[in-house]
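Chemist: Mind looking at a prediction? Sequence and model below.
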Amino acid sequence: MDLKEKHREIVKRVIVEYAQHKPANGDIQPEIVFDEERGHYELMHVGWNASERIHGSVLHVDLIGDKIWIQHDGTQGIARDLLDAGVPKDKIVLAFYSQRKRALTEFAVA
C-alpha cells in the first residue's frame, strides 16, 4: 500500500469513528462525505436543534500530494488521532491556520 492510500484509509477510519458520536442535543445526524477521486473527506452535522437548523462541517480533510491537510477541525482532536494512527507530523498540515502561524507549529507548513 502506497503512502497516499495509507493516509486515505487512516483519514476514512478516523472520520467514521467520529461519526459514531451523535450530538446529545436535537435531532442531528452525522453525515459522512467522501470524494475519493479528488481526495476530499468530510463529516457534517445535519438536522434540527429545536427550531434551529443545523448544517455544517465538523471535520474537513483533504489529501494533497503526500500530505493530509486539515481544512477544518470542529473536534480539535483529529491531528492527535492522525498522530496516534502513525502519521508523522511532517505529513500533517494544519490548513485552518495561516501559513505564517503554521510555521510556528511542529506540523508541516505546506
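Modeler: Cool, the structure landed. All values derive from a computational prediction rather than experimental measurement. Residues are numbered from 1 along each chain as shown.

Chemist: residue boundaries of the helices in this protein?
Modeler: 3-19, 78-84, 99-102 (DSSP state H).

Chemist: closest one to Ile54 among the ones you listed?
Modeler: When the helices of the chain are compared by CB to CB, helix 3-19 sits nearest Ile54, at 14.9 Å. Where you see a C-beta, it was placed from the backbone N, CA and C, and this is true even at glycine.

Chemist: would you turn the helices of the chain into a markdown table with distance to Glu36?
Modeler: A markdown table is the format used below for the helices of the chain (distance: least, CB to CB, whole Å):
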| stretch | distance to Glu36 |
| --- | --- |
| helix 3-19 | 7 |
| helix 78-84 | 18 |
| helix 99-102 | 26 |
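
Chemist: Ok, which of the ones you listed comes nearest Asp62?
Modeler: Nearest of the helices of the chain to Asp62, taken as CB to CB: helix 3-19 at 9.2 Å.

Chemist: Can you name the residues in contact with the closest one?
Modeler: 1, 30-32, 34, 36, 39, 41-43, 58-59, 61, 63, 66, 68, 75, 78, 81-82, 85-87, 91 (CB atoms under 8 Å, 6 or more residues apart in numbering).

Chemist: cutoff 10 Å now
Modeler: 1-2, 29-34, 36, 39, 41-45, 58-68, 70, 74-75, 77-78, 81-82, 84-87, 91-92 (CB atoms under 10 Å, 6 or more residues apart in numbering).
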